[in-house]
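Chemist: I'll drop the sequence and a predicted model, then ask my questions.
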Amino acid sequence: MTVDRWSFGAATVLVGVSAPMAAGQDAFEIQVYDAGTARRGDPGIELHLNQHAIDNAPDETHLTFEPHYGLTSAIELGGYFQTAMTSTGDLAYGGVKLRVKARWPSRLWGDRIGLAVNGELSAIPARFEPNVWGSEVRPIIDLSSGWLYAALNPILSTDLAGTLAGHPQLEPAAKLAVRPRGDVAIGAEVYAGLGPVDNLGSEHASRLLGVVDLTGSWWDLDVGAGWGWGSPDHVVAKLIVGLHPR
């Protein structure tokens, strides 16, 4: 086993340990992960700006800062600092998360398929997550072939406390896009919340967004808007700006 593959295995174990530790869809980070990681020693940051139109309540705007760092050639460390503001001007602290993402060192099937896993621990105020403490395990598989790109994230999210503590909940997310040119992608993303794996279908929430991705040499931009079902925030819009200085 090479060093990179040993690192992937060790990080995957750490991610798995975090699994038995939040229900519903993430209101701060609306993103389907790809299987890439930052290069070793490379820093970067993403800014997530989301707008939520909420039934019978003021609209909310969420701003999240997500710095990351390439720990090895196949492992990336990251964190989140989340904030929220309502249309009435109320500003709130939205919590923090820590994450580690590990990828398989090389892409498979002639460089078409990438594999990775991302694990998170979170501390979110009860206003946004009633059980406060939680974790997430996000397996990642993506496919890049010519003009086609697709990604699947079958997310398992688990509460640390409350009635569903210890019951992983399935929140799959997927993306399908076409690239009319190398630095532009146009597609759709779908997000779902299906409830605990031992009682699938007991809950159901979903979002469907149209998205456009632009990529530069040291930056990327993800813009999307869509509609949600089964949750109070029906209209959702997002903007993600990524900065990756090298």
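Modeler: Received the coordinates, thanks.
Chemist: and the nearest residue to His167 once chain neighbours are set aside, how many neighbours does it have?
Modeler: In this structure, His167 finds its nearest non-sequential neighbour in Pro196, 4.1 Å apart by Cβ to Cβ, 6 or more residues apart in numbering. In short, each C-beta sits where N, CA and C put it, glycine included. Counted with other Cβ atoms under 10 Å, residues neighbouring Pro196 total 19.
Chemist: Which strand residues bridge Pro196?
Modeler: For Pro196, the beta-bridge partners under DSSP bridges are Gln169.
Chemist: so how far is Trp229 from Ala123?
Modeler: 29 Å (Cβ to Cβ, to the nearest Å).
Chemist: residue ranges for the strands of this protein, please.
Modeler: Using DSSP state E, the strands of the chain run over 43-54, 60-70, 75-86, 91-103, 113-123, 133-145, 148-159, 169-181, 184-193, 205-215, 219-229, 233-243.
Chemist: low-scoring stretches of the protein, by residue?
Modeler: 1-24 (pLDDT under 70).
Chemist: Would you agree Ser202 is in contact with Gly193?
Modeler: No - Ser202 is not in contact with Gly193 according to Cβ atoms under 8 Å; the separation is 10.5 Å.
Chemist: Compare the two (neighbour count), which wins?
Modeler: Neighbours per residue (other Cβ under 10 Å) separate Ser202 from Gly193, with Gly193 holding more: 21 against 11.
Chemist: Do I have it right that that one meets Trp229?
Modeler: No - at 10.4 Å, Gly193 and Trp229 do not qualify as touching, with contact defined as Cβ under 8 Å.
Chemist: Overlap in contacts, the two.
Modeler: 205-206 (Cβ atoms under 8 Å, 6 or more residues apart in numbering).
Chemist: Tell me who's in contact with the residue nearest the centre of the chain.
Modeler: Centroid-nearest residue in the chain, with Cα atoms, centre = their mean: Gln31, separated by 4.6 Å. The contact partners of Gln31, by Cβ under 8 Å, 6+ apart, come to 48, 222, 238, 240.
Chemist: which ones are touching Val241?
Modeler: Neighbours of Val241 in contact, by Cβ under 8 Å, 6+ apart: 46-47, 49, 219-221.
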